[in-house]
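K.L.:
here's my sequence, what's the structure:
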Amino acid sequence: MHNHDILIRLRYALDIKNKDMVEIFKLGDIEVTREEVMQMLTKPKDGYYDEYDNDDIDEDEDQIKCNNMMLESFLNGLIIFKRGKQEPKPGQPESPAPTAKNKESVNNILLKKLKIALTLTSEDMIDILDEAGVMITKGELSAILRKEGHRNYKECGDRYARNFLKGLALKYRG
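P.N.:
So this is what the prediction gives:
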């Protein structure tokens, strides 16, 4: 699943308006216009994706590519949009460093940040996935939510990310 797919599905699931999308990006320290947001939310015309190297896609003049940093900034902005700005503790950096290192870790970050933004418990997340038809144990979910490098860390595949966004749509729009 590509970053613009995540943005499109997330926007639909949470019923986020265009002006709110611009505001969320701004809260995540990225300045975009409403037109640029609309260009990010368009699918490529040819429909072909190279699963392993997303950088080779030629940008259409009417599409803006959403890279990992932009997606993570959007998710950080969503947390602030939903929960308010948190003052950093003494000795803590002003804004967190980007953590998306590779394509797979984007899905883990997506689930972690959505859990924070929507104030979900692990049981809520299991219920959302169950509503989308995916059974996951609390241990498996815990492994997905762990920090990369932890011995029990597990990469979140597209299946869980896609179905979690589908479950969110069923929960919030159903």
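K.L.:
which ones are touching Ser122?
P.N.:
Ser122 sits next to 138, 141-142, 145 when contact means Cβ atoms under 8 Å, 6 or more residues apart in numbering. No exception for glycine: its C-beta is placed from N, CA and C like everyone else's.
K.L.:
and of those, the nearest to Gly28?
P.N.:
Leu145 (20.7 Å; Cβ to Cβ).
K.L.:
excluding chain neighbours, what is closest to that closest one?
P.N.:
Lys112 (5.7 Å; Cβ to Cβ, 6 or more residues apart in numbering).
K.L.:
buried ones in the helix or strand containing that neighbour?
P.N.:
Per DSSP states H and E: Lys112 is located in helix 103-117. Of all the residues in helix 103-117, those buried under the rule 16 or more other Cβ atoms under 10 Å are 103, 105-115, 117.
K.L.:
same thing with stretch 136-151?
P.N.:
Buried, per 16+ other Cβ under 10 Å, within stretch 136-151: 136, 141, 143-145.
K.L.:
and of those, the nearest to Gly77?
P.N.:
Closest to Gly77, out of all of the buried residues of stretch 136-151 and judged by Cβ to Cβ, is Leu145, at 20.5 Å.
K.L.:
looking only at pLDDT, what's the mean for the helix holding Lys112?
P.N.:
For helix 103-117, mean pLDDT is 90.
K.L.:
and that helix, how far out from the chain middle?
P.N.:
Taking the mean of its C-alpha atoms, helix 103-117 sits 6 Å from the chain's own mean (Cα atoms, centre = their mean, to the nearest Å).
K.L.:
contacts for it?
P.N.:
Counting by Cβ under 8 Å, 6+ apart, 1, 3, 6, 10, 54, 68, 71-72, 75-76, 78-79, 81-83, 99-100, 120, 125, 144-145, 148, 155-158, 160-161, 164, 168 sit against helix 103-117.
K.L.:
swap in stretch 139-152?
P.N.:
Residues external to stretch 139-152 that are found in contact with it (Cβ under 8 Å, 6+ apart): 99, 101, 105, 108, 111-112, 115, 122, 125-126, 153-156, 160.
K.L.:
ok, of the residues you listed, which one's closest to Lys26?
P.N.:
Thr99 (20.7 Å).
K.L.:
tell me the pLDDT at the closest one?
P.N.:
pLDDT, Thr99: 57.
K.L.:
Ile24 too?
P.N.:
For Ile24, the model assigns a pLDDT of 96.
K.L.:
residues near it, how many?
P.N.:
The local packing of Ile24 (other Cβ atoms under 10 Å) involves 26 other residues.
K.L.:
and Arg83, how far is that from Glu35?
P.N.:
Remark: distance between Arg83 and Glu35 (Cβ to Cβ, to the nearest Å) = 28 Å.
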